[in-house]
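> Curious how this folds, go ahead:
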Amino acid sequence: MPASLQLNLREWGDRRWRLHNLYYITDRFGKRIKFVPNEAQIQLLDELWYLNIILKSRQRGFSTFIDILGLDLAVWAPNQTVGVIAHGLREAAVIFKTKVKYPYDNLPDGIKAAVSPVSDSVQELSLSNGSSVYVGTSMRSATVQFLHVSEFGKISRKTPEKAKEIVSGSFNAVHPGQMIFVESTAEGRGGAFYDMCDVAQKTKTAGKKLTPLDFRFHFFPWWSDPNNVLDPDGVVIGDDWARYFAELERQIRLKLRPEQKAWYVKKAEQQQDHMKSEYPSTPKEAFEAAVDGIIYSKEMARARADGRITKVPYARALAVNTFWDLGLSKTSGTTAIWCHQYVGLQHRFLKAYENYGQSLDHYVKWLTDTGYAFGTHYLPHDAGVRRLGKTETKSWIELLRELMPGHNFELVKVIDEVNTGIEQTKLKFDECVFDEAGCEAALKALDNYQYVYDEALGVFSKTPRHDWTSNYADALRQFGQGWRPPERERPLPRMTTYRPADPGLGM
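Numbers count the residues shown, from 1 in each chain. Model prediction:
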């Protein structure tokens with residue numbers, strides 16, 4: 001071992017000292033600078049757990065800090081495998097070059113002589129002590145002691161299959177007692193990142209003791225960043241912003257400075273719909289922002305901001321309409337139903353239901369059990385021609401009329417483009433109120449309903465993804481395409497008895 005290395009082992013043996021003194025990075029201008037952890041990074045270091053999930057505002061430097069932390073482990077501990085997952089190959093190459101290779105190449109010569117590269121590629125740095133740092137888009141095949149997943153929110157939104165692969169494969173490559181870091185800005189109220197944050201935050205709020213298999217929730221809002229300030233001279237804080245800041249100060253129990261408020265107001269002018277996700281004030285707010293690619297993202301964000309996802313009463317004097325997406329067969333197919341009332345100028349959605357592999361009489365019984373007085377049942381156009389099997393001679397709508405005598409059924413006209421129906425639904429969305437409990441699963445589907453992401457072009461297409469979200473979304477689209485104001489105020493009589501399907505109906 002070189003004498004210079006021996007002389008410095010007392011200092012170099014302290015990880016915190018190393019992180020403040022040994023590593024160099026390039027700044028945004030390409031200039032070589034010493035890496036010194038900022039306040040947020042030091043806070044994360046102080047609060048480390050085995051599994052860490054980090055919801056953050058922009059420009060906090062967590063990717064750089066976590067990757068240097070992983071590199072530090074690889075250099076100073078033998079036989080450690082450090083994995084970094086990026087949301088794309090290009091991003092992986094940039095991370096390796098700037099946040100792994102450059103900091104290693106700029107270490108003191110004595111350290112590099114003692115722990116030298118064995119192999120060096122565009123994705124992997126293998127060291128003579130048996131440790132390595134690998135940057136890619138998956139870690140399923142490796143056993144990893146330290147895993148960093150960068151911008152997991154983007155991965156979850158753009159490529160849900162890849163997110164599932166990371167959770168089922170890469171996370172399982174890290175044995176209990178080792179370390180995982182998952183960090184991202186928010187990308188809507190759906191996907192693996194949102195679900196993980198939700199569970200971890202609830203665990204933290206409940207004050208539960210964490211096990212090595214629990215994620216610790218870390219949140220870093222815009223107002224904790226000392227760089228987010230602006231001279232308030234000339235910045236007008238209107239009444240709406242004043243109310244927003246007053247409510248925020250109440251929630252966080254902290255007085256914001258005029259310089260912070262001025263920065264936020266001007267930044268929000270630039271970011272518009274993306275402000276809450278890029279620079280969140282609270283974890284709840286982070287996931288309420290509109291997100292590109294989510295089909296009803298802006299509409300759902302407005303509904304939450306307006307308080308239109310709440311407890312919705314059933315108006316007994318008025319009829320309940322239903323909107324269906326039928327996916328029936330004897331052995332498979334998912335059917336979804338929304339229950340709706342038109343009260344004044346407001347569309348109230350009271351309940352929503354979905355099931356798989358059930359026959360029509362199952363859904364008729366569910367409707368009966370609600371106790372509602374029904375108006376019109378809106379069915380997709382193919383309910384007029386589709387049959388329940390090769391031997392069935394009656395269409396879905398004919399079978400429903402037999403199961404629900406006296407009820408009014410309408411077929412929604414076919415349209416040439418699905419997006420036309422989506423736009424028609426969006427036009428009515430601001431008049432809609434949803435019962436939070438009765439429509440919980442359906443609302444989650446709307447939060448996740450998105451266009452197909454074209455990885456080759458790096459953009460969202462105009463084709464909706466067909467997945468678990470589609471049925472509720474397609475059923476709601478029947479509302480957008482087909483609903484008409486009632487011609488009479490008096491509802492149809494309640495269906496007080498349930499008649500199961502006859503064997504001859506083929507169900």
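> what's the nearest residue to the spatially most central residue of the chain if we skip its chain neighbours?
Within the chain, one residue has its C-alpha closest to the average C-alpha position: by CA atoms, centre = their mean, that is residue 190, at 3.2 Å. For residue 190, the nearest residue in space outside its immediate sequence neighbours is residue 448; the separation is 3.3 Å by CB to CB, 6 or more residues apart in numbering. Bear in mind the C-beta positions are built from the backbone N, C-alpha and C, glycine included.
> pretty sure that neighbour contacts residue 191?
Yes: the pair formed by residue 448 and residue 191 meets the contact definition of CB atoms under 8 Å, at 6.7 Å.
> where do the strands sit along the stretch 301-450 of the chain?
Secondary structure of the stretch 301-450 of the chain (DSSP state E, counting those that start in this stretch): strands located at 309-310, 320-325, 334-343, 346-356, 374-379, 408-411, 432-435.
> Where do the helices of the stretch 151-300 of the chain begin and end?
Along the stretch 151-300 of the chain, the segments classed as helices by DSSP state H, counting those that start in this stretch run 152-158, 160-165, 191-205, 239-252, 258-271, 275-278, 283-286, 297-305.
> Which neighbouring elements make contact with the fourth one?
When you say that, I think you mean helix 239-252. The contact analysis (3 or more CB pairs under 8 Å, 6 or more residues apart in numbering; DSSP states H and E) places helix 239-252 against helix 258-271.
> Please name every helix or strand in contact with the helix it packs on.
Based on contacts counted as 3+ CB pairs under 8 Å, 6+ apart, the elements that helix 258-271 packs against are helix 239-252, helix 275-278.
> Report the distance from the last one to the chain centre.
The one in question is helix 275-278. 13 Å (CA atoms, centre = their mean, to the nearest Å).
> Show me what it is in contact with.
Around helix 275-278, the neighbours that count as contacts under CB atoms under 8 Å, 6 or more residues apart in numbering are 57-58, 185-188, 267-268, 271, 285-289, 291, 301.
> Which parts of this structure belong to which domain?
The record, using automatic domain parsing to delimit domains, assigns the chain the ranges 3-220, 237-289, 309-505.
> Out of these, which gets nearest to residue 296?
If you check each of the domains of the chain against residue 296 by CB to CB, domain 309-505 wins as the nearest, at 5.0 Å.
> Could you give the average pLDDT over that closest one?
Here domain 309-505 scores 86 as its mean pLDDT.
> coming back round to it: residue 297: which of the domains of the chain is closest?
It's domain 3-220; of those, that one is closest to residue 297 (CB to CB) at 6.2 Å.
> mind listing what's buried in stretch 261-280?
Buried residues in stretch 261-280, defined by neighbour count with 16 or more other CB atoms under 10 Å: 261-265, 267-268, 271, 273-280.
> and of these, the nearest to residue 436?
For the buried residues of stretch 261-280, the minimum distance to residue 436 (CB to CB) is 19.7 Å, reached by residue 276.
> Quick check, pLDDT for the closest residue in space to the closest one that isn't next to it in sequence.
The shortest distance from residue 276 to any residue other than its chain neighbours is 3.5 Å, reached at residue 289 (CB to CB, 6+ apart). In this prediction, residue 289 carries a pLDDT score of 81.
> Same check on residue 13?
Model confidence at residue 13, expressed as pLDDT, equals 82.
> and it, what does it touch?
Counted by CB under 8 Å, 6+ apart, residue 13 has zero contacts.
> From residue 186, how far out is it?
39 Å (CB to CB, to the nearest Å).
> Reformat the domains of the chain as a markdown table; add distance to residue 228.
What follows is those, written out as a markdown table (distance: least, CB to CB, whole Å):
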| stretch | distance to residue 228 |
| --- | --- |
| domain 3-220 | 8 |
| domain 237-289 | 5 |
| domain 309-505 | 28 |
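> Mind checking these for the one nearest to residue 231?
Nearest of those to residue 231, taken as CB to CB: domain 237-289 at 6.8 Å.
> tell me how far that closest one is from the chain's mean position?
Going by CA atoms, centre = their mean, the spacing between the C-alpha centre of domain 237-289 and its chain's C-alpha centre is 21 Å.
> same question, stretch 443-460
Chain-centre distance of stretch 443-460: 11 Å, with CA atoms, centre = their mean.
> Which positions in it come out as buried?
Within stretch 443-460, judged by 16+ other CB under 10 Å, the buried ones are 443-451, 453, 460.
> And for that stretch, what's in contact with it?
For stretch 443-460, using CB under 8 Å, 6+ apart, the contacting residues are 88, 157-159, 188-191, 292-296, 300, 309, 434, 436, 461-465, 468-473, 476.
> redo that, cut-off 6 Å
Residues external to stretch 443-460 that are found in contact with it (CB atoms under 6 Å, 6 or more residues apart in numbering): 158, 189-190, 293-296, 300, 461, 463-465, 469, 472-473.
> Report the backbone C-alpha coordinates of that stretch in PDB.
Once side chains and other backbone atoms are set aside, the C-alpha atoms of stretch 443-460 remain, and they are given as PDB (Å, rounded to 0.1, in the frame of the first residue of the first chain):
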ATOM      1  CA  LEU A 443     -60.900   7.000 -10.200                       C
ATOM      2  CA  LYS A 444     -57.600   5.100  -9.800                       C
ATOM      3  CA  ALA A 445     -58.200   3.800 -13.300                       C
ATOM      4  CA  LEU A 446     -58.700   7.300 -14.700                       C
ATOM      5  CA  ASP A 447     -55.600   8.500 -12.900                       C
ATOM      6  CA  ASN A 448     -53.600   5.800 -14.800                       C
ATOM      7  CA  TYR A 449     -55.400   5.800 -18.100                       C
ATOM      8  CA  GLN A 450     -52.700   6.900 -20.600                       C
ATOM      9  CA  TYR A 451     -51.500   6.900 -24.200                       C
ATOM     10  CA  VAL A 452     -49.000   4.400 -25.400                       C
ATOM     11  CA  TYR A 453     -45.400   5.600 -25.000                       C
ATOM     12  CA  ASP A 454     -43.200   5.200 -28.100                       C
ATOM     13  CA  GLU A 455     -39.800   4.500 -26.700                       C
ATOM     14  CA  ALA A 456     -38.100   4.700 -30.200                       C
ATOM     15  CA  LEU A 457     -39.400   8.300 -30.700                       C
ATOM     16  CA  GLY A 458     -39.400   9.200 -27.000                       C
ATOM     17  CA  VAL A 459     -43.000  10.600 -27.200                       C
ATOM     18  CA  PHE A 460     -46.500   9.600 -26.300                       C
END
